[in-house]
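Peer 1: Sequence first, predicted coordinates after that:
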Amino acid sequence: MSYRLDEGMGRCTYQIGVEDDGCHSLLDYASVAESARILECIARSLNAVVLERLMIQGEVVQGTNGSSDKLVLSTNKDDLVVVEEPSVLGDGRNNLNEAEENVHLEDEKEEKTEDATIRLGKRPLAKEGTGPVAYTRCELTIQRIETHLLDPTPLSLASIARGTKHQLQSPNHGSANGDNKGGGPRKFDARDRSLSSVSDGVAGATELTTMRQSSAAEASAAKDGPLLKRMDSLAVTPENEDSKPCALNETLSSRNIRIAVVGNVDAGKSTLIGALTTSTLDDGRGRCRTSIMKHRHEIETGRTSTAQSHLMGFKSNGEPISGKDSIRTNKRKTEDEVARESYRICTLIDLAGHEKYLKTTIHGVSSGMADYGLILVNSRHPPTHMTQHHLNLCCSFGIPVIVVFTKIDGCPEHAMKNSKEEVHKLLRAPDINKRPFAVRNEQDIATCIDKLNQSNLAPIIDTSCVSGEGLDLLRKILFALPKRRRHEKKADRPFEFLVEDIFNVPGVGAVASGFVNAGQLTVGSNAHVFVGPTNDGTFMKTVAKSAHIARINTAHVTSGQSACLAFALNKEQRKKLRRGMVVMEANPTATREFDAEICVLKGEGTTIRRSYQAYVHILNVRQSAYAKEIEIVNNNALGLPPSHKAADDDEDGIVLRPGSRAKVRFEFAQRPEYIRPGMRMLFRDGRVRGVGIITGVSGSQVQAAA
């Protein structure tokens, strides 16, 4: 359908009940109506609406020349019946832009009624009855419209397939105030669309979920242990009175846990994510990892080279959402289907493990806004230096970690014991200072789940994606993890959108994907924003036309969501877009110099002095910078130790060694960037050398391009 809409300049017509050679398919009315309904659901998912739905009967009749079984084309015009029926989901004419309305719609500007209109013939359609079958065909005209003109909360295909047919055919189904008692088709309002986020566990998807806990659930929690109490506090139960719908925006912000998955190249990160998101086991030859990989070279080599995010959904009772499509068994559910069916979501960020892609992994952890980190270790081999780098990286950003041992099926006992001893040494090191805690059952989960931040606890779980051992425990931990980053508290701040990637979508224009770090925005013709900074430090003023979250069109984005924004930029402005930009509602500032309080990490020998150049990561910003001024933070009353003093003939002054703390003024080497005090930074020169916090900016320039 997408191809036909593209070829037809946004419009196409489907002939239902007609064979490829033009012959009549001889279908009854019910079959044709069901096919038309499915096509209309598919059209809505492609940002298109049905303009016209014509039902035609009486073209084929039984012969009268002694052969009653023979079917012939009717020559009597009185037998032909053409009826225009209303669209199931609405014709969308109010959503069409005036610029898209052409001469074909000039005759159809009158409001359509809910009843079918007979265009030709003297009798209504023969839908059901004991008489002869009325062979029917349908002509369906579909029109694509702008994405930002569609309803911001469209119905999902899954909810339509489950409940729409029953609601439409039910004779007692009407509006909320008792209207439409005749049982005819009706249009869906905003209340109907809110049902799309109802949990799958409720039969027919007709009951809403509430935040209240039933007394039966409390009794069960007291009986089954602390973990069930924790899960019941997160779960919701259906009630008939004072029910509160689960908003999709809330699911993707306040109930979304972001988890960074890191580890060595052979640890099985993509395989574990594939097994969790698709709810299937691996065959030992890469079936799970190939189901989530996108690039051809990744599938061929088995190595992840980019940072990708995958959604894992949970129902209100903690049961994971199956990632396999119930109808298309060989295909995965799309992100919008998982998001609509879920009450709680875990965003698993798949990062590269090879040393060649270390800078990509550092940027993914820096800009991923991760709540927690999964450190994957191959149980058959001791942890490598890359495992230590990834562990130091998570601890540098203050991210609590969970250690997952993979490939335990068929692993020798001595290899498993050796790997665990080495991991325990890494965790107990002074610069990490974590206490390992083995998780073997649900009671252990309840013990450690609330102590990840306060007591520096590091849970350790043994898993296998081939046998499935330990995967259920891992799913329960992921569901019970508390939200660490409260982005919803920043909704009142000025809007701030961090650009992660840039796309040029045909028919839409420039699209930027990224993370809403603060504030909220309602897109549309009045959503004026500033995008930048460009290479000269200026910002481009434009309009945010439309937005998507988890492949779902929306009119409102809020802090804590990963979203895509479409901008109204011309060709020259689109060339200036790049990764690392920011989108603001207020007039922003760009700076080339900034002050930071840093700490040089212990490890390999590092000497930092004035004019030291390194690669700096500040959230989504990554650029080379060099140190202009260094002021060491010294609490010793006797003065600087000799190791921090330069030689007598050296004019650079102070030098920094591993473990030093200092205040440093950095200057970007290429272009100004948007940064503000309080952002966490990391600098490296091949390896991670130090971390710090920005304390101030200077040399600001505030210019917005007209």
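Peer 2: Looks like it arrived, so ask away. Numbering: from 1, shown residues only.

Peer 1: Low-confidence ranges, the stretch 551-700 of the chain, go.
Peer 2: Filtered on pLDDT under 70, the stretch 551-700 of the chain yields the residue ranges 603-605, 634-653, 699-700.

Peer 1: Do a quick rundown of the helices in it.
Peer 2: 571-576 (DSSP state H, counting those that start in this stretch).

Peer 1: Next: the stretch 251-400 of the chain.
Peer 2: Counting by DSSP H, counting those that start in this stretch, the helices of the stretch 251-400 of the chain are 269-278, 287-290, 296-301, 335-341, 358-367, 385-396.

Peer 1: roughly how far apart are the most centrally placed residue in the chain and residue 253?
Peer 2: Residue closest to the average C-alpha location in the chain (CA atoms, centre = their mean): residue 550, at 3.8 Å. As judged by CB to CB, to the nearest Å, residue 550 and residue 253 stand 11 Å apart. No exception for glycine: its C-beta is placed from N, CA and C like everyone else's.

Peer 1: likewise residue 441?
Peer 2: Distance from residue 441 to residue 253, by CB to CB: 32 Å.

Peer 1: between the two, who's got more neighbours?
Peer 2: Neighbours were counted for residue 441 and for residue 253 using other CB atoms under 10 Å; residue 253 has more, 23 against 11.

Peer 1: Contact partners for the more buried one?
Peer 2: Residue 253 is in contact with 487, 488, 558, 559, 560, 561, counting by CB atoms under 8 Å, 6 or more residues apart in numbering.

Peer 1: What is the neighbour count of the closest residue to it other than its chain neighbours?
Peer 2: Sequence neighbours aside, residue 560 is the residue nearest to residue 253 in space, at 3.8 Å (criterion: CB to CB, 6 or more residues apart in numbering). Counted with other CB under 10 Å, residues neighbouring residue 560 total 27.

Peer 1: Now do the same contact list for residue 560.
Peer 2: Contacts of residue 560 by CB under 8 Å, 6+ apart are 252, 253, 254, 256, 485, 487, 488, 490, 516.

Peer 1: got the phi/psi numbers for it?
Peer 2: phi 100, psi 0 (degrees, to the nearest 10).

Peer 1: Residue 127 touches residue 30, doesn't it?
Peer 2: Yes: between residue 127 and residue 30 there is a contact at 7.3 Å, judged by CB atoms under 8 Å.

Peer 1: that older thread, could you dump the contacts of residue 253 to CSV with distance to residue 78?
Peer 2: Formatted as CSV, the contacts of residue 253 follow (distance: CB to CB, whole Å):
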residue, distance to residue 78
487, 67
488, 65
558, 60
559, 65
560, 64
561, 59
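
Peer 1: Go through those residues and flag which are in strands.
Peer 2: residue 558 (DSSP state E).

Peer 1: Quick check: closest non-adjacent residue to residue 416.
Peer 2: Looking at residue 416 with CB to CB, 6+ apart, the closest residue is residue 379, at 5.2 Å.

Peer 1: how many neighbours does the one you found have?
Peer 2: When neighbours are counted by other CB under 10 Å, residue 379 comes out with 26.

Peer 1: Check the one 3 residues further on too.
Peer 2: For residue 382, the count of nearby residues is 16 (other CB under 10 Å).

Peer 1: okay but residue 504 is in contact with residue 511, surely?
Peer 2: Yes: contact status for residue 504 versus residue 511: in contact at 7.3 Å, counting by CB under 8 Å.

Peer 1: quick one on the thing from earlier: how far away is the residue nearest to residue 416 from residue 462?
Peer 2: For residue 379 relative to residue 462 (CB to CB), the value is 7 Å.

Peer 1: overlap in contacts of these two?
Peer 2: By CB under 8 Å, 6+ apart, the residues touching both residue 379 and residue 462 are 405, 408.

Peer 1: and the next element down the chain from the helix or strand hosting residue 38?
Peer 2: Here residue 38, judged by DSSP states H and E, is contained in helix 29-45. The helix or strand immediately downstream of helix 29-45 is strand 48-57, counting by DSSP H and E.

Peer 1: lowest-confidence helix or strand of this protein?
Peer 2: In the chain, no helix or strand scores lower on mean pLDDT, DSSP states H and E than strand 209-210, which sits at a mean of 31.

Peer 1: quick one, which of the helices of the stretch 251-400 of the chain is nearest to residue 664?
Peer 2: helix 385-396 (16.5 Å; CB to CB).

Peer 1: helices or strands up against the closest one?
Peer 2: strand 256-263, helix 358-367, strand 372-378, strand 401-406, helix 413-428, strand 687-698 (3 or more CB pairs under 8 Å, 6 or more residues apart in numbering; DSSP states H and E).
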